[in-house]
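> Fold the following for me, if possible:
(one chain, ligands or ions: 1)
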Amino acid sequence: MTLPAYITTSWDDGHPLDHRVAALLSKYGLEGTFYVPATTSERQTMSAMQLRALGKGFEIGAHTLHHVDLTSVTTETASQEIADSKAWIEDSTGVRCECFCPPIGRYRKEHVRMVQRAGYIGLRTVELLALGFPRPLAGLLQIPTTVQAFPHRRSTLARNAIKRMAFGNIWRYLRHGRATEWPALAESLLSQVVARGGVFHLWGHSWELEEFDQWQRLDSVLRLMGQFTRQAPAVSNGQLCRLPIPPVAASGQAVAAAEAAGGRR
Ligand SMILES: [Zn+2]
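Numbers count the residues shown, from 1 in each chain. Got it, this is the predicted structure:
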């Protein structure tokens with residue numbers, strides 16, 4: 001049985017440069033979810049007017065109100081940050097906010113329950129090298145990612161896969177992780193999703209693209225992704241969670257098995 005294929009993207013932190021990412025996504029017929037906090041102590045966030053404008057074309061997800069590391073605050077604060085950021089996004093955009101992304105990728109089991117109780121349907125993680133569909137977890141769907149638009153060291157990719165003991169991700173690290181440049185890794189994994197099914201999920205931060213001079217690379221990767229939207233439709237993170245997830249792909253192991261079988265051919 002062939003798995004369906006999809007392409008999604010997500011962008012964290014609500015920097016005003018998110019509009020530059022949004023313009024590129026529109027140019028290449030792609031979708032994306034922007035995870036926007038109300039404020040961050042580290043850098044600028046977009047104005048209310050900019051957020052409304054972005055919300056007209058793209059899904060806006062919550063990223064807490066103050067970009068807090070959930071694991072470093074009290075249970076009460078974490079719960080408020082999770083619930084209040086949903087209400088804030090909905091008030092600001094007039095659109096239901098369905099997806100949440102914990103800042104810095106840090107959260108515990110108790111936070112997953114809070115996210116579910118607050119009424120979200122999806123929780124985006126910072127798991128890299130995944131090609132699977134969202135995984136059910138405590139009444140939520142956990143959304144992994146494939147590639148970050150950032151020049152990681154190879155050792156970071158390895159650590160990310162090993163920490164989760166994710167067989168498929170470790171396999172992909174060994175098979176594709178030699179690509180030292182993220183655009184080459186993206187191309188390699190995207191072609192695999194198009195050929196064998198699964199989800200290709202590119203994520204990043206617009207402020208980081210600026211700081212590390214990655215705009216040209218992003219343009220070429222998004223152009224490439226745009227060429228495959230007929231075989232792998234572009235969806236937002238929320239739309240991805242609403243798709244009927246193929247039962248065979250629910251664990252993500254099906255993707256790894258298909259790859260392993262493909263590798264032996
Ligand atoms: Zn963040």
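> So Ser155, which state does it fall into?
Put simply, Ser155 is helix when judged by DSSP: H, G, I helix; E, B strand; the rest coil.
> confidence score at it?
The predicted structure scores Ser155 at 76 on the pLDDT scale.
> can you list contacts of the biggest helix by length in the chain?
Of all the elements of type helix in the chain, the one with the most residues (DSSP state H) is helix 75-93. Counting contacts by C-beta atoms under 8 Å, 6 or more residues apart in numbering, the residues outside helix 75-93 that touch it are 36-38, 48, 51-52, 55, 60-66, 68, 70, 73, 95-97, 100, 110-111, 114-115, 117-120. Heads up, the C-betas are built off the backbone N, CA and C, glycines and all.
> for that helix, which positions count as buried?
Judged by neighbour count (16 or more other C-beta atoms under 10 Å), helix 75-93 contains these buried residues: 78-86, 88-90, 92-93.
> filter the contacts of helix 75-93 to the buried ones?
The neighbour-count test (16+ other C-beta under 10 Å) marks 36-38, 51, 55, 60-66, 68, 70, 97, 100, 111, 114-115, 118, 120 as buried among the contacts of helix 75-93.
> In helices, which of those residues fall?
Leu51, Gly55, His111, Met114, Val115.
> so what's Thr125 up against?
Counting by C-beta under 8 Å, 6+ apart, Thr125 touches Cys101, Pro102, Gly105, Gln142, Ile143, Pro144, Thr145.
> how about a cut-off of 10 Å?
With C-beta atoms under 10 Å, 6 or more residues apart in numbering as the criterion, the residues that contact Thr125 are 101-102, 105, 107, 134-135, 137, 142-145, 164, 203.
> now swap in Leu140 and tell me
With the criterion set at C-beta under 10 Å, 6+ apart, Leu140 makes contact with 99-100, 112-113, 115-117, 120-123, 134, 241.
> and the two most separated of those?
In those, the most distant members under the criterion C-beta to C-beta are Arg117 and Pro134, with 18.5 Å between them.
> Bridging across strands, which residues link to His201?
Taking DSSP bridges, one obtains Thr8 as the residues bridged to His201.
> Quick check: it vs the ion, distance?
When distances are taken as C-beta to the ion, to the nearest Å, His201 and the ion turn out to be 16 Å apart.
> what do you get for Tyr6?
Taken as C-beta to the ion, the span from Tyr6 to the ion is 24 Å.
> Tell me the pLDDT of the residue of the stretch 151-265 of the chain found nearest the ion.
When C-beta to the ion is the measure, the stretch 151-265 of the chain has its nearest residue to the ion at His205, with 6.9 Å between them. The confidence metric pLDDT takes the value 98 at His205.
> so Leu70 makes contact with Arg113?
No. Counting by C-beta atoms under 10 Å, no contact exists between Leu70 and Arg113, whose distance comes to 11.9 Å.
> List the contacts of Gly61.
Gly61 neighbours (C-beta under 10 Å, 6+ apart): 10-12, 32-36, 85-86, 89, 97-101, 120, 122-124, 143, 236-238.
> Identify the bridge partners of the residue lying closest to it once chain neighbours are set aside.
Leaving aside its sequence neighbours, Gly61 sits nearest to Cys99 (C-beta to C-beta, 6 or more residues apart in numbering; 3.9 Å). For Cys99, the beta-bridge partners under DSSP bridges are Gly122.
> isn't Cys99 right next to Val235, touching?
No. Look at Cys99 against Val235 with C-beta under 10 Å: they stay out of range, at 11.9 Å.
> Can you check which residues contact both of those two?
The overlap between the contact sets of Cys99 and Val235 (C-beta under 10 Å, 6+ apart) consists of Thr33, Glu59, Cys241.
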